[in-house]
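Student: Below is the sequence, then the predicted model.
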Amino acid sequence: MNRNDATATAEVPAPPQKGDYPPWPLALNFRAIKMTDEQFVQLCADNRELRIELTAERELIVMPPANPSTGWKNNTISGELYIWAKQDGTGLSFDSSTGFTFPNGAMRSPDASWVARERWDALPEDERNIFSHLVPDFVIELRSPTDNLRTLQAKMAEYIENGVRLGWLIDPRQQRVYVYRPGQPAETLDDPETVTGETVLPGFTLNLQDIW
């Protein structure tokens, strides 16, 4: 069943358990610090065990490493996208360690992404070696057990507002996929077997049975 209402009920993250670090993403206010792109790249390089993003509001978001189940699902999704992209040849796929700088100033790292080759080829060489000022054409976010759904939905909306042409928010907990497109409300797919790349990635189909 499909529906065009991506509104979710408010959720409260699960309480931290002994040994958790951190129990959910941490948001640190960095507004008073004028961090350059190079400094942010170095910060991420010095803390490779963590996934770090910077919001448009200059909040530093620190996320823990994925648990084995989420890491396996992420790898499956990235692997399927990579295989298709290599065979298709019209663009490049990227994994969750890749950072992009958006027009609103946020520096984000989608769980998986794809960029059309002509846009990548037009990027100056020095831009390819930092968190490039390049907006992916396609992004995927996979909800982990500690992720708040509303936070991820806001992040997906931000992607679209900054130029992403197609986005999937995959929620294994509820077995749903939220599909984001420019100028349209998010579409909710309940327990789909597959999801397709439509006109942005023609021919790409992700089988979700392994993800559920």
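Tutor: Noted; the coordinates are in hand.
Student: which residues are contacting the longest helix anywhere in the chain?
Tutor: Scanning the chain for the longest helix, with DSSP state H as the assignment, gives helix 68-88. Under the criterion Cβ atoms under 8 Å, 6 or more residues apart in numbering, residues 65-66, 91-93, 95-96, 111-112, 114, 140, 142, 144-145, 170, 172, 201, 203-204, 206-207, 210-211 lie in contact with helix 68-88. Quick note: C-beta positions are derived from backbone N, CA and C, even for glycine.
Student: Now do the contacts for residue 197.
Tutor: So residue 197 contacts 138, 166, 203-205 (Cβ under 8 Å, 6+ apart).
Student: Just the buried subset of those, please.
Tutor: For the contacts of residue 197, a burial check counting by 16 or more other Cβ atoms under 10 Å picks out 138, 166, 204.
Student: Distance-wise, check the most centrally placed residue in the chain relative to residue 193.
Tutor: By Cα atoms, centre = their mean, the mean C-alpha position of the chain lies nearest to residue 110, the distance being 2.2 Å. Distance from residue 110 to residue 193, counting by Cβ to Cβ, to the nearest Å: 23 Å.
Student: For the chain, just list every one of the strands.
Tutor: For the chain, the strands defined by DSSP state E cover 2-3, 26-29, 51-54, 59-63, 91-94, 100-101, 107-108, 112-116, 138-142, 166-171, 176-180, 187-190, 194-196, 205-207.
Student: Format those as a markdown table; extra columns: distance to residue 73 and mean pLDDT.
Tutor: Output for these, formatted as a markdown table (distance: least, Cβ to Cβ, whole Å; pLDDT from 0 to 100):
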| stretch | distance to residue 73 | mean pLDDT |
| --- | --- | --- |
| strand 2-3 | 22 | 50 |
| strand 26-29 | 23 | 76 |
| strand 51-54 | 15 | 78 |
| strand 59-63 | 16 | 79 |
| strand 91-94 | 16 | 97 |
| strand 100-101 | 22 | 90 |
| strand 107-108 | 20 | 90 |
| strand 112-116 | 11 | 98 |
| strand 138-142 | 6 | 98 |
| strand 166-171 | 8 | 98 |
| strand 176-180 | 13 | 98 |
| strand 187-190 | 17 | 98 |
| strand 194-196 | 14 | 97 |
| strand 205-207 | 11 | 97 |
